[in-house]
Structures are given as C-alpha cells and as structure tokens.
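J.: Predicted model and sequence follow; I will ask about them next.
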Protein chains: 2
Amino acid sequence: MTTNNSITTAPEIGLDTVAELAAQLRVDSIRASTSAGSGHPTSSMSAADLVAVLVARHLRYDCDDPRSPANDHLIFSKGHASPLLYSVFRAVGVVSDDELMSEYRRFGRRLQGHPTPVLPWVDVATGSLGQGLPDGAGIALAGRYLEHRPYRVWVLCGDSEMSEGSMWEALDKAAYYQLSNLIAIVDINRLGQRGPTELGWDLDAYAHRAEAFGARALTVDGHDLAAIDNILTEAENIPEGQPTVVLARTVKGRGFSEVEDSPDWHGKPFPPDVAERAITELGGVRDLVLRGPRPAPVAAADETAEPDKAPLTPPRYAVGDKVATRKAYGDALVALGDRDQRVVALDGEVSNSTYASEFARAYPDRYFEMFIAEQQMVAAATGLAARDYKPFASTFAAFLTRAYDFIRMGAISGVDLRLIGSHSGVEIGADGPSQMALEDLAMMRAVHGSTVLYPSDGTSTAALVEAMADTPGISYLRTTRGAYPVLYPSIRRSLSLDHP
Amino acid sequence: MTTNNSITTAPEIGLDTVAELAAQLRVDSIRASTSAGSGHPTSSMSAADLVAVLVARHLRYDCDDPRSPANDHLIFSKGHASPLLYSVFRAVGVVSDDELMSEYRRFGRRLQGHPTPVLPWVDVATGSLGQGLPDGAGIALAGRYLEHRPYRVWVLCGDSEMSEGSMWEALDKAAYYQLSNLIAIVDINRLGQRGPTELGWDLDAYAHRAEAFGARALTVDGHDLAAIDNILTEAENIPEGQPTVVLARTVKGRGFSEVEDSPDWHGKPFPPDVAERAITELGGVRDLVLRGPRPAPVAAADETAEPDKAPLTPPRYAVGDKVATRKAYGDALVALGDRDQRVVALDGEVSNSTYASEFARAYPDRYFEMFIAEQQMVAAATGLAARDYKPFASTFAAFLTRAYDFIRMGAISGVDLRLIGSHSGVEIGADGPSQMALEDLAMMRAVHGSTVLYPSDGTSTAALVEAMADTPGISYLRTTRGAYPVLYPSIRRSLSLDHP
C-alpha cells in the first residue's frame, strides 16, 4: 500500500487534492467498518466525492471551534454513512487514525454507529431516516430568523429516505420560510437495504418533486468532481429565497470494482481480504490532512446575549377562578418570552386551541407556524434547540403521537425540547376518540430522560412552564381543554425540575 | 321554512336534483351541528357540492348492503366534516332525521364527532388528519391486487391535511402500485383552523405536487355542479394506471353569505338564530331521499372463500438449536400464509432484516413493499384489514414509533393489525440508540385493546404468530436480532390470545 503525506491549509484546495481526499475517505470508511466488524462502507463510498468537494471547497467550518456561531452546519441525514463522516473528521485532523480504527462502533465510545452530538461537530442525532433534513430546516430557521447569520446548513440525504413523508414536510416548510440557507444533497445510488429504491436513478422524478415543493433542484453526476464543485457553487448562490436540493447520481460502493452497484453489500463491512483488495484499488492508505474554507469571523456584537435571569412576572390567578390550564400555558409562555429572548414557540396549526397564539401575538418574530406537520414541528424544535434556543412546541396532545419517532430521536440528540399537548384525556368526548390523548403519558414517560408534567390548575401550570425553560431533555406539559377552579395561590419561588 | 318531499331512485339523477341535494346536505350539516352544540358546519358546507355530485351520480354503493364486495368506498379523510357525511347518510335513507338531530356527538351514540366504523358505511376511523388517504390506498391495494374487483376508493381530503407528509407517502405508493382505483378529492377552501393554509387557493401548486408524485391532477370549481360532474366522470376513466387527485376550489361556509370565506367560523356550530338565517338562505329543510348509482352485482365466484382452518405445519426447531425469533417469525408467517389466503405481509424496506422476505418469496402476490414509509405501511395494513385481509406489517421495532398515530387510529378503526418489530432492545448496541427499540413496549401497551407479545425462543414465536392471525385488535410481536437457544419443544396445540 502507498502512503501519501500532505497537509493542505489553503482555502482553495485544488481538485487533484480533492480526488486524493475522496479516495482517502473511501479507504478510511472501509478500514473503520472492517475494523469494527460492522458498518456501511458502500453507502459511504457512494457519497465520498460529494462530501470531499463539499468539505474541501465549500463548507465554512472551523473544526477547532465547533461552537463558533459563524460555522456552517453539516448533517448526515443518512446517518448510516457514519464511516464517511468520521473519515472526514480524521481528514480535518480532529479524530485520530487510532480512534477511527479502534473506537468506531465500540461500547461507550463516541464514534457510534450513527452520529450523535456526543461528538462536538455533530448538531443532531441521525439514524432514523427522514429526520436530518427536517432537523436541518430547524437550524436554518434559527440562522435566518433568529441569529441573522450567513451560515449554511448542508444536509447529506440518502435516496431511500426520500420515501419518508417527513422529507417533504421539511422541503415544504423550507420553501414556505424561504430557507435559502438550507442545501440538501441527495446521494442517489439507487439501492436501499434490500434492493432497488422506488425511483432508482430517475433524477428527473426527484427534481420534479423537489421543485413542486418549492425548492430549487440541481442535478449532477455525483462522481464528477468538477461538476460537483460547480453545482455546489451554484447552490451557494441564493438569490431566490428557496432551499436547494442537489440531486446527485452516484454508484453504491464506488471506487471498488468488485462491489460497485451491487445490491448485496448494504450494511456489510468488507472481510479483511476484500478490504485489502479495495484499499489497494483505491491507492492505499493516505494521511492527507486538510482544512476546508473557514468562515469569516463573527463580530462580537452578533453574539446573542446570555438570557436575562431577572425574575419574570408570571400570570396570577385568584383561587377559585376558573382557568383552563391550556390558557395558563399561553399566559405563562408570554411572561417567559418577555424575560428570555431565547424562548421560541411553534405550533401545528392549532395555536388558537393550545393558546400558543398568545405568544405568536406577543412575539411574532419568535413564533413559527408549522401548519399540520407535527413531525416537522418537533424536528424544527430540535434544530432550534441545537442552536441553543428554547423551543416550546404545541399541538393537541393526541397528535404528538404523530411525532413520536422525532421525540425519541430528540432525546438521543440530547436537546432540550418543551412539548405541550392540549385537550388531553377523555374530556373532549363529543369530538370522539381520535382527538383524545390517552396514550400520551405512557409515550412520553418512555422517552429517555423525559419529564412529564400534568398540572392541576392555572397557578401550577404557570410555575411549571417557567421551570420547563430550564429543564434538560424532553419535557412534556399536558394541558386540559376546560376551565376549572384555581387551587393554589400564586407563588413567587421558582420551581426546579431536577432529575435524581 | 319550505319542505320538499321527493324520492329519486333512478340511477341518473339530474343536476337540478343534485343542487337540491347539495342544499339539503348544507342545511342538515348546520342543523346537526347546532343541535349538538359542536361540530364543523362550515368545513362541511365547502365540500357539499362535491359530495352531492359524487353520491348522486358516481358513487356505486348499495347502502342496504354495506358489506357488498361490489361497493365503492367513500372515506372522509377530513373527518371533521362528519356533519356532511352523516347528512349524506340521511339523504340516502339509512340514518333518520331524528337520529341526526338528536344523536350526533352524543355520548355512546354512533354518530360520533369524527366517523368510525361503528357505522356500517364507514371503512376506517378518521379525525387525525392525513390518514384517510393513506388508509384508502390500502383499500385500493386490496381491490386491485387481491380482490380483483372494479370498485373505486373515493377519498375526500381537506387542504390543511396536505401539509402532512403522510399524504405524499400515500400518493407515492398509490402511483408506485398504479392504483387507478384511488381518487382523492381535495376540498381546497383555503382556510385551516386558525387561518389561511400554506398554499391558499393555489391549485396549480397542488397540481404540480400531485403530478410530481405520480398522480393525475384534475382541477375544478368545487361549486360548479356540471364541472364537478365532468371531472368525476373523467376521474372514473382510468387508462393510465395512475391515481387521480381532483383539486377543487371551494369556499368555506359556501351557501350562507354571512360566513362564506370567513376564517372566524372554523369548528363552530351556528347559534340557533344564525342557523335559522342560514337555513332560510339555503331554501329551508328538505326531505330528499335518493339512491346513487348502484354497483353491478358481483358474481358469487368473486367472493373470497372463508379461510381454510386446516391445521398448519408450523416450523419446528430442536431444543437447544440457536434460532433468532425474527427468523422464526419469517418461517411461521410462511406456514401461516400457506393455510390462510387472507394473510398478507408488508414491510418498510427491511424485509431481509425482519425476515418478511421469506413470505415475499413464497407469496409475492400477497406481499407489499412499502419502502421506508412506516406511516403508509401501517395505513395500508389498516386498509387491507378493513377489507378483511390479515396484514402482518414489519420493520425495525424502533421505527414503529414513526407510525404511532396510525397505530392509535387503527385501534379506533377496530381493525385487526399485526405489527412486528425486529431488533428490539439494546442488543444491537454497535448500531447506536437510534436503532434500538426501547419505547416500544410502553407505546404498544398504551394502545386500546392491544396485545403485546415478546417470545423467548423460536418455538414460542411460531406459536404466537399463528395465534396473532386470529387475535382481535392491534397485536404486536417483538423480535430479537440474535440467534439464541430454542427453549421449548414444538407443540401441536394452537394458542388463543383472548382478552379478559
């Protein structure tokens, strides 16, 4: 095997070097998977050229300062391509070859089978397909509407996951909110886990769908480095207030002739002898270390101030007065929003029922209407939370079941999500069981690290909403439709919801 | 108020009569909602012309024989328009005016706030938006591939619910399976619960999306009876193997000038004085009773035979042999499929992991690949179950969380769904938490009437799969990835999973 040693730090890295990088990413994806005895080398190899061009010439990211607000964001919505992502981390010098070879997919280590934010360069956990793009839309919302920063959100998507309706909810909302800072790159290698995808290499079909949902669609040969570079440059030009979807025709297992375009190698590491042949064909192990384009420094004034911890003025209710806890939620959220600029609210087109409407009226700049798309609502909240905002997302409690996989993944992302479900229980009998939240307590309690709250009156609701602002993990507030007597006098002391 | 009495039974009902019918449906929707003190009259009124033309001149349905296999199917995906549906039932003579006026939305009565199959003319429960069309795709699958019958599945959709990704999963699968027997009619009244929809009256935007997803899109003025009639006739012409989406521009509250196109009346019954003015403007209470086009009788030979109850030949494993329960599931399902022609299987593009692949290989005509669209997988199973098939739907247990709202609604539909989740628990540690089903037991147990099964070995898995075939409601089998020793000798006696 050959070994090339070169270090490149120039912002403009030539395509010859990018080709070397792509080969290195493939080789390292193979090595990591073979060493772990599991993983997805062929799904990584199909996207290696796309990612090499992106990282070397377009992604503005300071790996030494992953918290920099100026950084672009890179999400692997196809989280099973983790070998490729971790190979990028090696190529930019933040993960050692030793870690990649000995800790990938090992118990208790950070290079998990699917990426999570335990790694400082990962924003959100992926691995349940169809979630990375919806999450990315949430980050893009933060960038455009709250942070007012020019970062871009790049999302590498698989073609199989385009079957998930959530991907189209994401594009729909990205277009509605004119998220030109969101760029999806779809790795169309035509092969899913068990065989061909629905649309195969029909890039036109994907393009029609993306355009119909309001995105700009660009198609490219995903293995032509110069063409990819041109397309990504075009994607960066964002005159139209539209998200961009780059549709790249790729070959699974690209770079190793024995497995290219074969349906038989999904999710299988190469046995050592096969890996050896593959690495030889790809030119051997390399030790290229590079720096992609760095972002321009962000002026200190752009930094968002720490939230003001001044005491808030919670709503006060007289004992015995009839107050619906959903109404108290709206009142309390308005009070909280006044104190803390990081509080944002989302709702699934029922804000006049959940009383998120009160927040929307008070702080229209911090309210995001998600229409009837509960999955995207929770995903957007996840993205906003990844940017350190404090999202409160509400709908009828019954309809949070629609987003259960997203709530589950939010817990794995380690984000703090505040979910509010109204009209809980059988109280709304006349509407029928479809509108009744009966499963919500079990569902929410089963989420790792969750906090489930079911206040009995307006005063306790107000206290719990304030406490939720500082509660880690997934917290869930269950509210009731009807107005019932206030039981507790208003209190001044803040609650804290610490987990044991 | 005026009262017209006329009975029409001719298959060809003139448009003058249809106009009378539409007025009656509006008046009855208003009367039912006002009498109940809740309901959605304005959302019913926008669709009244569409539904009047459909019921009077296109829907082939014998109301006296709702179980007839020749019947078309009518699903209100916008289930909140239940006043309209129940007014149709009155207009065709199967629900009395007294029942409509005194039992709508009353405790314990069948005219619930959102339709459920407690009514013999309702196939599936709706009310969680975005599910009626996916369910309808399941019924259309049955009609085209299993029953081989010419019935059509008509689905009335709201425009707000087109924001749910599940609607696009449904159209995607309907196009993939060439379900030209599926006709969606979208009531585009531009107003959701709290205000304007995302796309308003932009019918072209909807049409582009529907076409991009492989459907034929037809647009129409939803209040022009002759135009509607022409479009529905065109929709019935199905040369292309495509589903059809009729996009109808409508006005919320149409027919009562005080509320037309107003965003302030969603989900609000008219107070009695307002109702009186509305009914007067609409020409008063009518007593039109009609019969729409009846289906041609189905030859007896078309009837599917009762399932053969001969003893099956279950897989047999030797005690001590290592067998994964997921593999035993595949083996047992093949044995079951041999005995019972009503057993069908679906999977979410992981059949080689769940071992649904064994069934797919043995009975390709009874296997439906749903790709990575778990919501549509469960919805299709719901539709198939509504047609008395016995669906077994499988994916990684973790990803059944994606379909939780559909599972919940399946229980309300009263269908018997058999769900199989593989790779449960922490065993697949190297893949990371996103792939681990940890919430599944709590989630499934919380579903009304569910049966949760977690077999310890291959023998018990085989026995439980056989028992699931005759288990009512939602049954869930949790399987494990790894192969472990068989504990029990094979048994001959069948299990029965009766609920206490």
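T.: Yep, that arrived.
J.: in chain A, which residue is closest to the centre?
T.: For chain A, residue A:135 is the residue whose C-alpha lies nearest the centre (C-alpha atoms, centre = their mean; 3.0 Å).
J.: so what's the residue of the stretch 301-450 of chain A found nearest chain B up against?
T.: Proximity to chain B, evaluated over the stretch 301-450 of chain A using C-beta to the nearest C-beta, is greatest for residue A:434 at 3.0 Å. Using the backbone N, CA and C atoms, a C-beta is placed for each residue, glycine as well. By C-beta atoms under 8 Å, 6 or more residues apart in numbering or on different chains, residue A:434 lies in contact with A:398, B:79, B:114, B:116, B:125-128, B:409, B:412.
J.: Okay, now stretch A:160-168: how far is its last residue from its first?
T.: Length of stretch A:160-168, first residue to last, C-alpha to C-alpha, to the nearest Å: 13 Å.
J.: Pull the residues that contact that stretch.
T.: Outside stretch A:160-168, the residues touching it (C-beta under 8 Å, 6+ apart) are A:77-78, A:129-131, A:133-134, A:157, A:186, A:192-193, A:197-199, A:206, A:209, A:213, A:375-376, A:379, A:406, B:164-169, B:172, B:349, B:371-373, B:375-376, B:402.
J.: Can you say which of the residues you listed are buried?
T.: Neighbour-count burial (16 or more other C-beta atoms under 10 Å in any protein chain shown) applied to the contacts of stretch A:160-168 gives A:77-78, A:129-131, A:133-134, A:157, A:186, A:192-193, A:197-199, A:206, A:209, A:213, A:375-376, A:379, A:406, B:164-169, B:172, B:349, B:371-373, B:375-376, B:402.
J.: what does the stretch 251-400 of chain A have sitting close to chain B?
T.: Proximity of the stretch 251-400 of chain A to chain B, by C-beta under 8 Å from any C-beta of the partner chain, involves residues A:349-353, A:357, A:371-373, A:375-376, A:398-399.
J.: Kindly recompute the last result at 6 Å.
T.: A:349-352, A:371-373 (C-beta under 6 Å from any C-beta of the partner chain).
J.: Of all pairs in those residues, which one is the farthest apart?
T.: For these, the farthest-apart pair by C-beta to C-beta is A:352 and A:373; their separation is 17.3 Å.
J.: if we can go back for a sec, go through the contacts of stretch A:160-168 and flag which are in helices.
T.: Per DSSP state H, helices hold the following members of those: A:133-134, A:206, A:209, A:375-376, A:379, A:406, B:165-169, B:172, B:375-376.
J.: What is the nearest of these to residue B:388?
T.: For the ones in helices among the contacts of stretch A:160-168, the minimum distance to residue B:388 (C-beta to C-beta) is 20.3 Å, reached by residue B:376.
J.: which residue packs closest to the closest one, ignoring adjacent ones?
T.: Nearest non-adjacent residue to residue B:376, counting by C-beta to C-beta, 6 or more residues apart in numbering or on different chains: residue B:169, 4.0 Å away.
J.: OK, contacts around the one you found?
T.: Counting by C-beta atoms under 6 Å, 6 or more residues apart in numbering or on different chains, residue B:169 makes contact with A:165, B:373, B:375-376.
J.: for stretch A:312-326, which positions count as buried?
T.: A:312, A:314-315, A:317, A:323-326.
J.: Show me the two of those that sit farthest apart.
T.: The span of the buried residues of stretch A:312-326, defined through C-beta to C-beta, is set by A:312 and A:324 at 20.8 Å.
J.: backbone phi and psi for residue A:259, please?
T.: phi -120, psi -10 (degrees, to the nearest 10).
J.: sec struct for the residue of the stretch 301-450 of chain A closest to chain B, please.
T.: Under DSSP: H, G, I helix; E, B strand; the rest coil, residue A:434 falls in the helix class.
J.: What separation is there between it and residue B:115?
T.: Distance of residue A:434 to residue B:115, computed by C-beta to C-beta, to the nearest Å: 9 Å.
J.: Which single residue in chain A comes nearest to chain B?
T.: Residue of chain A nearest chain B, by C-beta to the nearest C-beta: residue A:165 (2.2 Å).
J.: For that residue, which non-adjacent residue is closest in space?
T.: residue B:165 (2.2 Å).
J.: before we move on, back to that, any chance of the residues of the stretch 251-400 of chain A next to chain B in JSON lines with pLDDT as columns?
T.: Converted to JSON lines, these look like this (pLDDT from 0 to 100):
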{"residue": "A:349", "pLDDT": "97"}
{"residue": "A:350", "pLDDT": "97"}
{"residue": "A:351", "pLDDT": "97"}
{"residue": "A:352", "pLDDT": "96"}
{"residue": "A:371", "pLDDT": "97"}
{"residue": "A:372", "pLDDT": "97"}
{"residue": "A:373", "pLDDT": "98"}
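J.: In chain A, where's the longest helix?
T.: Longest among the helix segments of chain A by residue count, using DSSP H, is helix A:15-36.
J.: Give me the helices and strands touching it, please.
T.: helix A:41-45, helix A:48-57, helix A:82-91, helix A:272-281 (3 or more C-beta pairs under 6 Å, 6 or more residues apart in numbering or on different chains; DSSP states H and E).
J.: would CSV of the ones you listed with mean pLDDT and mean neighbour count be doable?
T.: Shown next, in CSV, are those (pLDDT from 0 to 100; neighbours: other C-beta atoms under 10 Å in any protein chain shown):
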stretch, mean pLDDT, mean neighbour count
helix A:41-45, 97, 30
helix A:48-57, 96, 28
helix A:82-91, 98, 27
helix A:272-281, 98, 16
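J.: Out of these, flag the one nearest residue B:84.
T.: Nearest to residue B:84, of those and by C-beta to C-beta, is helix A:41-45 at 48.2 Å.
J.: Identify each buried residue in stretch A:459-473, please.
T.: Across stretch A:459-473, burial judged by 16+ other C-beta under 10 Å covers A:459-471, A:473.
J.: just checking, which of those residues belong to strands?
T.: Using DSSP state E, no member of those falls in strands.
J.: Turn those residues into JSON lines, including pLDDT.
T.: As requested, these are exported to JSON lines (pLDDT from 0 to 100):
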{"residue": "A:459", "pLDDT": "96"}
{"residue": "A:460", "pLDDT": "96"}
{"residue": "A:461", "pLDDT": "97"}
{"residue": "A:462", "pLDDT": "96"}
{"residue": "A:463", "pLDDT": "95"}
{"residue": "A:464", "pLDDT": "97"}
{"residue": "A:465", "pLDDT": "97"}
{"residue": "A:466", "pLDDT": "95"}
{"residue": "A:467", "pLDDT": "95"}
{"residue": "A:468", "pLDDT": "97"}
{"residue": "A:469", "pLDDT": "96"}
{"residue": "A:470", "pLDDT": "95"}
{"residue": "A:471", "pLDDT": "97"}
{"residue": "A:473", "pLDDT": "98"}
